[in-house]
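Engineer: sequence first, predicted model second:
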Amino acid sequence: MKRHSASVVKALACVLVIIAAVALPAPASATPTHRPSALATMADDFRTDCEAHPAEAASLRGWARSRFELCHHYDRSLNLYRDTGEYLGRVEYDLWVLGFAYDGSRRVDYLASLENVGISQQLNAEIGYLTVTMSGCQTSNVTCSGATSRSDNIPGWFGVPHMASISATSPNDTGAPPYQTVDLLAQFEVLVEYRDGRTIPYSENSALSSVRFDSARTALGNGKYHGTVFTDYVPTLELSMRAGSDHLQEARHVRDALQYPERTFPSRIGKSVPGGSADRPLHRLMDSTLRGRNHSASVEICGDVWGTDYTTGGLQCDEYPFQSTYEGSWTSTIGEGASDTSLWQGSARPIDGTHNQQGGTHLANFYGANRLLDRDAFLVTVLT
């Protein structure tokens with residue numbers, strides 16, 4: 001048997017110690033058993049889409065795939081300094097926060113993790129600590145279950161990169177009238193420490209998400225009685241001019257209003273119709289009296305332009321922006337109390353009654369599916 005000299009054995013031992021202190025691999029498949037399997041499956045699917053939007057995901061407000069899915073992801077490389085100002089070394093990590101709100105339940109779940117955590121070789125990984133804390137649940141109408149904070153050293157985060165899931169819930173039918181809404185501003189903070197008693201800690205607010213719980217019940221329209229949404233996400237209503245569309249004339253009317261306003265009435269120079277861009281969204285109007293005034297004003301436009309018998313052949317007066325928005329023909333032109341629809345940045349036009357009704361149903365389903373309440377913003381696009 002070949003024997004190594006004492007000096008060689010000692011040198012090998014030193015190398016192994018250095019490797020153990022610096023290279024702490026975290027297997028990509030490492031998933032602690034406390035993550036619910038259904039939630040973990042949702043997270044895996046969502047992470048793939050989130051990675052395709054790196055700039056948005058790295059912002060403080062994150063990237064939302066829908067009113068019910070929000071993600072934050074960014075890489076950090078931080079310099080550590082002594083309290084004397086001397087540079088000490090670096091700490092690196094990837095932060096992930098995935099949020100899932102629920103239509104039909106006043107609940108939102110968060111999954112947070114610190115991955116690919118690293119520290120400069122000359123520093124002791126055992127006293128390099130990172131703490132992730134979620135705040136925002138300190139309200140009478142919101143309760144959080146699960147540990148909202150985790151502090152661990154670098155080897156600990158390598159071994160288990162994920163925090164336990166956090167659920168924030170609000171009781172049904174509680175909150176501000178008329179839709180019993182409760183707001184939650186969930187905030188995740190990361191604290192980085194090198195616990196030698198001489199190094200300045202670093203902390204930052206890393207992720208924010210605005211959440212709304214509601215119990216709008218039947219007032220929502222075609223939707224579930226209770227639910228939760230991420231309010232920063234502005235959904236888009238899709239209308240279709242493609243073959244087989246049951247609201248083709250409605251879609252064509254909206255397309256003309258957005259892209260060719262010179263083809264629409266009331267006619268005015270420089271008319272610019274809202275709803276097609278993020279800087280000029282539409283806003284849902286839920287007051288039935290005001291919706292009725294919008295429609296009556298639009299019907300007057302149809303009668304003035306096409307004559308009072310425009311309904312011949314089953315036509316109906318269609319309007320865009322819709323009567324159920326604050327950008328409608330009456331609510332957007334009331335000025336000092338007297339509506340002047342000649343100033344309306346919109347269009348009224350007779351279209352096939354069936355297409356008009358199907359378009360209305362499509363819009364109502366959209367409101368419900370996205371839990372859009374009064375003054376909530378949305379956009380409109382037309383598929384051609």
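Structural biologist: Everything's here; your move.

Engineer: how close does Val299 get to Ala164?
Structural biologist: Distance, Val299 to Ala164, by Cβ to Cβ, to the nearest Å: 57 Å. (Glycine included, C-beta is placed from N, CA and C.)

Engineer: tally of neighbours for Ala364?
Structural biologist: For Ala364, the count of nearby residues is 15 (other Cβ atoms under 10 Å).

Engineer: report the secondary structure state of it.
Structural biologist: Here Ala364 is helix, with the state taken from DSSP: H, G, I helix; E, B strand; the rest coil.

Engineer: so who does it touch?
Structural biologist: Counting by Cβ atoms under 8 Å, 6 or more residues apart in numbering, Ala364 touches 221-222.

Engineer: any low-confidence regions in the protein?
Structural biologist: 1-37, 335-338 (pLDDT under 70).

Engineer: follow-up on the earlier one: of Val299 and Ala164, who's got more company?
Structural biologist: Taking other Cβ under 10 Å, Val299 and Ala164 do not tie; Val299 has more neighbours (19 against 16).

Engineer: can you list contacts of stretch 168-177?
Structural biologist: 106-110, 136-137, 141-145, 180-182, 184, 186, 211, 213-215, 225-226, 228.

Engineer: any idea how far the residue nearest to Arg65 when sequence neighbours are not counted is from Gly136?
Structural biologist: Using Cβ to Cβ, 6 or more residues apart in numbering and skipping the chain neighbours, the partner closest in space to Arg65 is Asp49 (5.7 Å). For Asp49, the distance to Gly136 equals 25 Å [Cβ to Cβ].

Engineer: and the two? Which one has more around it.
Structural biologist: Applying other Cβ under 10 Å to Asp49 and Gly136 shows that Gly136 carries more neighbours, namely 19 against 13.

Engineer: name the nearest residue to that one, ignoring sequence neighbours.
Structural biologist: Using Cβ to Cβ, 6+ apart, the nearest residue to Gly136 is Ala186, at 4.5 Å.

Engineer: again, but for Ser210
Structural biologist: Ser210's closest residue in space is Thr231 (Cβ to Cβ, 6+ apart), at 4.8 Å.

Engineer: what's near enough to touch that neighbour?
Structural biologist: 183, 210-212, 376.

Engineer: how near is it to Val117?
Structural biologist: Separation of Thr231 from Val117 (Cβ to Cβ): 32 Å.

Engineer: kindly report the same for Tyr233.
Structural biologist: Distance from Tyr233 to Val117, by Cβ to Cβ: 30 Å.

Engineer: which strand is the longest one in this structure?
Structural biologist: Longest strand in the chain by number of residues, with DSSP state E as the criterion: strand 87-101.

Engineer: where along this protein do the helices fall?
Structural biologist: 6-22, 37-51, 54-57, 154-159, 248-259, 288-306, 353-369 (DSSP state H).

Engineer: buried stuff in the fifth one?
Structural biologist: Neighbour counts over helix 248-259 (16 or more other Cβ atoms under 10 Å) mark 248-258 as buried.

Engineer: so among the contacts of Thr231, which ones count as buried?
Structural biologist: Buried members of those, counted by 16+ other Cβ under 10 Å: 183, 210-212, 376.

Engineer: got a markdown table for these, with distance to Arg82 too?
Structural biologist: Shown next, in a markdown table, are those (distance: Cβ to Cβ, whole Å):
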| residue | distance to Arg82 |
| --- | --- |
| Asp183 | 42 |
| Ser210 | 38 |
| Val211 | 40 |
| Arg212 | 45 |
| Asp376 | 50 |
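
Engineer: surely Trp96 meets Arg76?
Structural biologist: No - using Cβ atoms under 8 Å, Trp96 is not in contact with Arg76, being 11.9 Å away.

Engineer: related to what we said a few turns ago, which of the buried ones among the contacts of Thr231 lies closest to Gly85?
Structural biologist: Of all the buried ones among the contacts of Thr231, Gly85 sits closest to Ser210, with 38.2 Å by Cβ to Cβ.

Engineer: contacts only, for that closest one.
Structural biologist: Going by Cβ under 8 Å, 6+ apart, the list of residues near Ser210 reads 183-185, 230-232.

Engineer: could you redo the last one with a cut-off of 6 Å?
Structural biologist: 185, 231-232 (Cβ atoms under 6 Å, 6 or more residues apart in numbering).

Engineer: settle it for me: which of Tyr233 and Val117 has more neighbours?
Structural biologist: Shown here are Tyr233 and Val117; by other Cβ under 10 Å, Val117 has more neighbours (24 against 21).

Engineer: in this structure the more buried one contacts Gly156, no?
Structural biologist: No - look at Val117 against Gly156 with Cβ atoms under 6 Å: they stay out of range, at 9.1 Å.
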